[in-house]
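Q: Build me a model:
(one chain, ligands or ions: 2)
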Amino acid sequence: MATLSEAYGDSPLGLQHIIPLDFDSIHELPDSHIWSDHVNDHDSEKYTHLKHAPKNEESSVPIIDLSAPNVVELVGNACETWGMFHVINHGVSSILVNNVESHARQLFSLPTQHKLKALRAPGGATGYGVARISPFFSKLMWHEGFTIMGSTVEHAKELWPHGYEDFCNVMDNYQKRMKSLAYQIMLLILKFLDITKEEEEEVISVSSIHESDADGALQLNSYPCCPDPNRAIGLAPHTDSLLLTILHQSETKGLQIHRNGVGWVPVPPVSGALVVNIGDLLHILSNGRLPTVYHRAVPNQDRHRVSVAYFYGPPVESIIGPLNKLPSPIYRSLTVKEYISLKNKHRGKALSLIKI
Ligand SMILES: O=C(O)CCC(=O)C(=O)O
Ligand SMILES: [Fe+2]
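A: Numbers count the residues shown, from 1 in each chain. Ligands and ions are numbered 1, 2, ... in the order given. Okay, here's the model as predicted:
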């Protein structure tokens, strides 16, 4: 059986799209990292401008209490109008969340040469490296990341030969908690889409989205202090590929989403909340009703920002398509693996390539 890691690793990249900048030794934004308003992007121009929306245009991503009696409606409405929301009362202990963040910080604060011991292989998907979307842009991002799919023991051993267990245990526990939270949210969304209990079982088994089958990836992101944040991008505009993403952002601002007709809107961190956003596969499953949102991260001048994203998806061999009961499918069905491969090659155009 193919794994998520194999599906992502099927497009080998050059080293300039794997090795991050040596941020410790840089005091000025190099030309390779200066983004102008018209960066040559292989995707739609409208997402590449740097400025964010004027202050008075800002409205905020909803904050949803998962224990609210009308939670299905709240989650559904937020998905439809924003494609993104904060959740509170999510049941994930703040100790675990803080622990993941501090282990991520510990990793990124290692000397550059040391971090390179866990460098992602050219045909690989896991380990230390720049964002996978990097080859689609002519400029590089002010970002370094560490990707985990399943066990991270091999890479952690390279980083901490005598004491890797703690890091691995925290990452494992966090992935388990994220998986069950994502499944819980997934069920709320299916209810909102009017899927009956019987249909729900069918959807869950056909698409293998039950938490015991599902696959996931954990992405640790680091955006070091940036000498010229107004001309740099932390993580370029993108949509997430799988069903749902659950993001922990540290206390530091940086996440923004693109709103049609408005522009880039900041999503400041809400203490104790996790950010949830719809990914492409859920957009497909909902037959286009739930939007997959373009989002990006910008760096700060004097604060090193860390975020932790958990991507939840079905096993890569399973087939995803619009739910059977939804009339007039606008997308064809395909395997998750096939979709990831389309996304690796065509990024934002992948969805239009499977339109019927
Ligand atoms: O750092 C953030 O706020 C966004 C991270 C993100 O979008 C991702 O990892 O896909
Ligand atoms: Fe993302």
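Q: Every contact and neighbour count from this point should use C-alpha atoms.
A: OK.
Q: Check which residues of stretch 247-254 are buried.
A: Buried residues in stretch 247-254, counted by 16 or more other CA atoms under 10 Å: 247-250, 252-254.
Q: ditto for stretch 203-212
A: Under 16+ other CA under 10 Å, the buried positions of stretch 203-212 are 203-204, 207-211.
Q: Show me which of those residues is closest to Leu140.
A: Leu140 lies nearest to Ile209 out of the buried residues of stretch 203-212, by CA to CA, at 34.7 Å.
Q: List, one by one, the residues from the stretch 201-350 of the chain near ligand 1.
A: 219, 221, 240, 249, 255, 296-297, 307, 309 (CA under 6 Å from any ligand atom).
Q: tell me what the helix or strand harbouring Trp264 is packed against?
A: Secondary structure from DSSP states H and E places Trp264 in strand 263-266. In terms of contacts (3 or more CA pairs under 8 Å, 6 or more residues apart in numbering; DSSP states H and E), strand 263-266 is packed against strand 255-259.
Q: and the strand it packs on, C-alpha only, in CSV?
A: Below are the C-alpha coordinates for strand 255-259, written out as CSV (Å, rounded to 0.1, in the frame of the first residue of the first chain):
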residue,chain,number,x,y,z
LEU,A,255,-1.5,34.0,9.2
GLN,A,256,-3.7,35.7,6.5
ILE,A,257,-6.5,34.4,4.3
HIS,A,258,-7.7,35.7,1.0
ARG,A,259,-11.2,37.0,0.8
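Q: all numbers from here: first residue = 895
A: That works, and once the first residue is 895, the last one we named lands at strand 1149-1153.
Q: Neighbours of Ser961, how many?
A: As a burial measure, Ser961 scores 12 neighbours (other CA atoms under 10 Å).
Q: which non-adjacent residue is nearest it?
A: Sequence neighbours aside, Asn983 is the residue nearest to Ser961 in space, at 6.5 Å (criterion: CA to CA, 6 or more residues apart in numbering).
Q: doesn't Ala962 make contact with the one you found?
A: No: using CA atoms under 8 Å as the test, Asn983 is too far from Ala962 to be in contact (9.2 Å).
Q: These two: who's more crowded?
A: Shown here are Asn983 and Ala962; by other CA under 10 Å, Asn983 has more neighbours (14 against 11).
Q: and the biggest helix by length in the chain, which residues are buried?
A: Counting by DSSP state H, the longest helix found in the chain is helix 1059-1086. For helix 1059-1086, the neighbour count (16+ other CA under 10 Å) marks 1061-1062, 1064-1066, 1068-1069, 1072-1077, 1079-1086 as buried.
Q: Could you do stretch 1171-1178 as well?
A: 1171-1178.
Q: can you check stretch 966-983 too?
A: 966, 968-973, 976-982.
Q: The helix or strand bottoming out on mean pLDDT in the chain - contacts with which helices or strands?
A: Taking mean pLDDT, DSSP states H and E as the measure, helix 898-902 is the helix or strand of the chain with the lowest mean score, a mean of 74. Under the contact definition 3+ CA pairs under 8 Å, 6+ apart, helix 898-902 sits against helix 1230-1240.
Q: Pull the residues that contact the helix it packs on.
A: Contact partners of helix 1230-1240, identified using CA atoms under 8 Å, 6 or more residues apart in numbering, comprise 898, 901-902, 904-905, 1027, 1135, 1208-1214, 1243-1244.
Q: can you rerun that using 10 Å?
A: Contacts to helix 1230-1240, defined as CA atoms under 10 Å, 6 or more residues apart in numbering, come from residues 896-898, 900-905, 936-937, 1026-1027, 1029-1030, 1101, 1134-1136, 1174-1175, 1207-1215, 1227, 1229, 1241-1248.
Q: Enumerate every residue touching the spatially closest residue to Val1170 that is not a sequence neighbour.
A: Nearest non-adjacent residue to Val1170, counting by CA to CA, 6+ apart: Ile1140, 4.6 Å away. Shown in contact with Ile1140 (CA under 10 Å, 6+ apart): 978-981, 1072-1073, 1075-1076, 1112, 1168-1172, 1202-1206.
Q: at 7 Å instead, please
A: 1168-1171, 1203-1205 (CA atoms under 7 Å, 6 or more residues apart in numbering).
Q: Dump those into TSV; add secondary structure and pLDDT as well.
A: Putting the contacts of Ile1140 into TSV (DSSP: H, G, I helix; E, B strand; the rest coil; pLDDT from 0 to 100) gives the following:
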residue	secondary structure	pLDDT
Leu1168	strand	98
Val1169	strand	98
Val1170	strand	98
Asn1171	strand	97
Ala1203	strand	98
Tyr1204	strand	98
Phe1205	strand	97
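Q: which of the residues you listed count as buried?
A: 1168-1171, 1203-1205.
Q: give me the element Phe1040 is part of.
A: Assigned by DSSP H and E, Phe1040 falls in strand 1038-1042.
Q: Run the contact check for that strand versus ligand 1.
A: No: looking at strand 1038-1042 against ligand 1 by CA under 6 Å from any ligand atom, there are no contacts, and the closest approach is 8.5 Å.
Q: From the rest of the structure, what touches that strand?
A: So strand 1038-1042 is in contact with 914, 1020-1025, 1111-1117, going by CA under 7 Å, 6+ apart.
Q: one step back: so of the residues of the stretch 1095-1244 of the chain next to ligand 1, which ones are in strands?
A: 1113, 1115, 1143, 1149, 1190-1191, 1201, 1203 (DSSP state E).
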